[in-house]
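Undergrad: this one's sequence-less:
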(Lines give C-alpha, C1' and ligand atoms only; values in the text may rest on other atoms or scores of the structure.)
Protein backbone atom coordinates (compact mmCIF):
# COMPACT_ATOMS: atom_id res chain seq x y z
CA UNK A 1 0.00 0.00 0.00
CA UNK A 2 1.43 3.37 -1.00
CA UNK A 3 1.67 6.31 1.39
CA UNK A 4 -1.13 8.11 -0.44
CA UNK A 5 -3.36 5.08 -0.05
CA UNK A 6 -2.55 4.86 3.66
CA UNK A 7 -3.39 8.55 4.11
CA UNK A 8 -6.63 8.15 2.16
CA UNK A 9 -7.61 5.15 4.30
CA UNK A 10 -7.08 7.20 7.47
CA UNK A 11 -9.11 10.09 6.02
CA UNK A 12 -11.94 7.68 5.15
CA UNK A 13 -12.05 6.57 8.80
CA UNK A 14 -12.14 10.12 10.12
CA UNK A 15 -15.31 11.73 11.49
CA UNK A 16 -16.77 14.51 9.35
CA UNK A 17 -16.33 17.04 12.18
CA UNK A 18 -12.54 16.57 12.11
CA UNK A 19 -12.11 17.03 8.37
CA UNK A 20 -11.99 20.84 8.54
CA UNK A 21 -9.20 20.67 11.09
CA UNK A 22 -7.31 18.15 8.98
CA UNK A 23 -7.75 20.29 5.88
CA UNK A 24 -6.22 23.33 7.61
CA UNK A 25 -3.33 21.21 8.86
CA UNK A 26 -2.62 19.87 5.38
CA UNK A 27 -2.97 23.31 3.80
CA UNK A 28 -0.50 24.86 6.28
CA UNK A 29 1.90 21.96 5.78
CA UNK A 30 1.90 22.23 1.99
CA UNK A 31 2.24 26.02 2.07
CA UNK A 32 5.22 25.81 4.42
CA UNK A 33 6.91 23.24 2.18
CA UNK A 34 6.31 25.32 -0.95
CA UNK A 35 7.52 28.55 0.60
CA UNK A 36 10.57 26.92 2.16
CA UNK A 37 11.64 25.58 -1.22
CA UNK A 38 11.34 29.00 -2.85
CA UNK A 39 13.19 31.06 -0.24
CA UNK A 40 16.92 31.03 0.17
CA UNK A 41 18.54 31.10 3.58
CA UNK A 42 19.32 34.80 3.25
CA UNK A 43 15.71 35.53 2.25
CA UNK A 44 14.53 33.79 5.40
CA UNK A 45 16.95 35.84 7.51
CA UNK A 46 15.58 39.04 6.00
CA UNK A 47 12.12 38.10 7.28
CA UNK A 48 13.24 38.08 10.92
CA UNK A 49 11.84 41.02 12.85
CA UNK A 50 13.25 41.97 16.24
CA UNK A 51 11.22 44.21 18.51
CA UNK A 52 13.67 45.56 21.09
CA UNK A 53 14.97 48.86 22.45
CA UNK A 54 17.58 50.67 20.38
CA UNK A 55 20.33 49.92 22.89
CA UNK A 56 19.42 46.23 23.28
CA UNK A 57 22.54 44.85 21.58
CA UNK A 58 24.89 47.21 23.41
CA UNK A 59 23.31 46.47 26.80
CA UNK A 60 22.32 42.85 26.33
CA UNK A 61 23.90 41.78 29.60
CA UNK A 62 21.88 44.39 31.52
CA UNK A 63 18.62 43.26 29.90
CA UNK A 64 19.35 39.58 30.52
CA UNK A 65 20.26 40.17 34.18
CA UNK A 66 17.17 42.32 34.69
CA UNK A 67 19.11 45.45 35.68
CA UNK A 68 17.58 47.23 32.72
CA UNK A 69 13.94 46.59 31.80
CA UNK A 70 12.15 46.66 28.51
CA UNK A 71 9.60 49.47 28.48
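TA: Ah, there it is. Keep in mind it's a predicted model, so treat the numbers as computed, not measured.
Undergrad: please make it C-alpha for all contacts and neighbour counts, starting now.
TA: OK.
Undergrad: what are the phi and psi angles of residue 56?
TA: Dihedral pair for residue 56: phi -60, psi -50, per degrees, to the nearest 10.
Undergrad: who's in contact with the longest helix seen in the chain?
TA: If you go by DSSP state H, the chain has its longest helix at helix 16-38. Contact with helix 16-38 is made by residue 11, as judged by C-alpha atoms under 8 Å, 6 or more residues apart in numbering.
Undergrad: can you name the element that comes right after it?
TA: Using DSSP states H and E, the helix or strand that follows helix 16-38 in sequence is helix 41-46.
Undergrad: that next one: how far from the chain's middle?
TA: In terms of C-alpha atoms, centre = their mean, to the nearest Å, the centre of helix 41-46 is set 15 Å apart from its chain centre.
Undergrad: what is the mean pLDDT for that helix?
TA: Mean per-residue pLDDT for helix 41-46: 85.
Undergrad: which helices and strands does it pack with?
TA: Using 3 or more C-alpha pairs under 8 Å, 6 or more residues apart in numbering; DSSP states H and E as the contact definition, helix 41-46 packs against no other helix or strand.
Undergrad: give me the three-state assignment for residue 7.
TA: helix (DSSP: H, G, I helix; E, B strand; the rest coil).
Undergrad: that one and residue 16, how far apart?
TA: 16 Å (C-alpha to C-alpha, to the nearest Å).
Undergrad: tell me the centre residue of the protein?
TA: residue 32 (7.8 Å; C-alpha atoms, centre = their mean).
Undergrad: let me know the pLDDT of that one.
TA: For residue 32, pLDDT reads 80.
Undergrad: ok, now residue 38?
TA: At residue 38, pLDDT is 69.
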